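**Student:** Starting from these lines, generate the structure:
(chains A and B)
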Amino acid sequence: AQRVTQPEKLLSVFKGAPVELKCNYSYSGSPELFWYVQYSRQRLQLLLRHISRESIKGFTADLNKGETSFHLKKPFAQEEDSAMYYCALNLTTLTGNQFYFGTGTSLTVIP
Amino acid sequence: GAVVSQHPSWVICKSGTSVKIECRSLDFQATTMFWYRQFPKQSLMLMATSNEGSKATYEQGVEKDKFLINHASLTLSTLTVTSAHPEDSSFYICSARKGRDTEAFFGQGTRLTVV
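**Tutor:** As a prediction, the model looks like this:
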């Protein structure tokens, strides 16, 4: 079963417009959630994680346990935000630690 | 910052041969390393989680005998694709976690093409 769902494969917004990348997870315990970003021709890198409750490059994400969501938001999109965004869930089990990724959302910011 | 390096970045091999991919944490000790496979325009699929000094934990559907993972030290994990076939052609990515910190740092990936 897919543990992390990102319903939008592609998302286009105009520069300066708000952007929201959706992420829903499936886990009954206390989740550890992350957003990773992959810019063109670069490796995956951490954007932010829910436990730190920080804003990185203007992005924020709030964990909503009731809706099992961890949507990524930015009030004013910039061209340099164009990238692939992955939502990830980290689970700690008896056998160890596993990261599960969503299918990713490709964000294009139109100038 | 924490750097994870994969080698090689790309490799072409003949069907039936084995290929080894290395994943190294260059400036930190990684107690846990993850191996992923990424098909074109698809997400990362977790293949296995390896903890230093112990056997890897494979995800359901991943053949242990085909994808051999060794995590012999705190800075090195290897993935060996044995008896490779064209359907094994893919992009393989590793990531490493520092100790109890759950952030994962990613390698640049290895493009495997089996001909």
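**Student:** Alongside chain A, which residues does chain B contribute?
**Tutor:** B:32, B:34, B:36, B:42-44, B:46, B:49, B:51, B:57, B:59, B:93, B:95, B:97, B:102-109 (C-beta under 8 Å from any C-beta of the partner chain). Where C-beta positions appear, they are placed from N, C-alpha and C, glycine not excepted.
**Student:** For PyMOL, write the select line for the buried members of those residues.
**Tutor:** Per 16 or more other C-beta atoms under 10 Å in any protein chain shown, the buried members of the residues of chain B next to chain A correspond to this PyMOL selection:
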select buried, chain B and resi 32+34+36+43+44+46+49+51+57+93+95+97+102+103+104+105+106+107+108+109
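**Student:** is it true that residue A:27 lies in a helix?
**Tutor:** No - read with DSSP: H, G, I helix; E, B strand; the rest coil, residue A:27 is coil and lies in no helix.
**Student:** surely it meets residue A:89?
**Tutor:** Yes - assessed by C-beta atoms under 8 Å, residue A:27 is found in contact with residue A:89 at 6.3 Å.
**Student:** Give the residues shared as contacts by the two.
**Tutor:** residue A:3 (C-beta atoms under 8 Å, 6 or more residues apart in numbering or on different chains).
**Student:** higher neighbour count, these two?
**Tutor:** Between residue A:27 and residue A:89, residue A:89 has the larger neighbour count (other C-beta atoms under 10 Å in any protein chain shown), namely 20 against 16.
**Student:** Would you confirm that that one belongs to a strand?
**Tutor:** Yes - using three-state DSSP, the assignment for residue A:89 is a strand.
**Student:** For the spatially most central residue of chain B, which three-state class applies?
**Tutor:** Centroid-nearest residue in chain B, with C-alpha atoms, centre = their mean: residue B:35, separated by 3.7 Å. Here residue B:35 is recorded as strand under three-state DSSP.
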